[in-house]
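Asker: need a 3D model of the sequence below.
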Amino acid sequence: MSIDVSFLGATGRTADTSTTKTPKKDLDKQAFLDLLVAQLRNQDPSSPMDSSQLMTQTTQLSTMESLVELAGTQRESFALQMRMAAAQLVGQQVTWTDAEGAAHSGVVSAVSYAGSVPTVKVGDKDVTLDAVSAVTTATPASAGSTGPTA
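Answerer: The predicted model follows:
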């Protein structure tokens, strides 16, 4: 007796192994649907799947889709909030601690959104937004300062 696994995307063995797929570690929507279809195809005709089980699984799929969509929306919202926060720092004096533990401060002159975390430009230094430890109103005397604070 042979088992049909074509629904899982399995292919026959070939000599060319350069197109080997790496297995997924998470179940996504497609994997859930594939498993559901496999379950329906292979059910015992003398005792078919209970319709309440099918409804439960369909509801779980809908819930999973909604949660994935919500997580994506939250990620986008957080990224937008970080960009807005970084933009509001232009002209403000910020304090941050470098890798050696020394505190620095200076006035933010620009913002870059090139990376996953926005960076602010203070003098000739690029400081990631999450490294900023304090924000104060800039004073004219501190406009170019990037040295250690006392």
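Asker: could you give the mean pLDDT of the longest helix anywhere in the chain?
Answerer: Longest among the helix segments of the chain by residue count, using DSSP state H, is helix 51-88. Regarding helix 51-88, the rounded mean pLDDT is 90.
Asker: for stretch 138-150, same thing?
Answerer: 58.
Asker: got the phi/psi numbers for the residue of the chain most remote from its centre?
Answerer: Most distant residue from the mean C-alpha position of the chain: S46, 46.0 Å away (Cα atoms, centre = their mean). Dihedral angles of S46 (phi, psi; degrees, to the nearest 10) stand at phi -80, psi -20.
Asker: go on, V122?
Answerer: The phi/psi pair for V122 (degrees, to the nearest 10) is phi -120, psi 110.
Asker: not counting sequence-adjacent ones, nearest residue to it?
Answerer: G106 (3.9 Å; Cβ to Cβ, 6 or more residues apart in numbering). In this view, the C-beta of every residue, glycine as well, is placed from N, C-alpha and C.
Asker: restricting to C-alpha, output stretch 58-66 in PDB.
Answerer: Coordinates of each C-alpha in stretch 58-66 appear next as PDB, following Å, rounded to 0.1, in the frame of the first residue of the first chain:
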ATOM      1  CA  THR A  58     -11.700  26.100  11.000                       C
ATOM      2  CA  THR A  59     -12.100  28.500  13.900                       C
ATOM      3  CA  GLN A  60      -8.600  27.800  15.000                       C
ATOM      4  CA  LEU A  61      -7.300  28.700  11.500                       C
ATOM      5  CA  SER A  62      -9.300  31.900  11.500                       C
ATOM      6  CA  THR A  63      -8.000  32.800  14.900                       C
ATOM      7  CA  MET A  64      -4.400  32.100  13.900                       C
ATOM      8  CA  GLU A  65      -4.800  34.300  10.800                       C
ATOM      9  CA  SER A  66      -6.200  37.100  12.900                       C
END
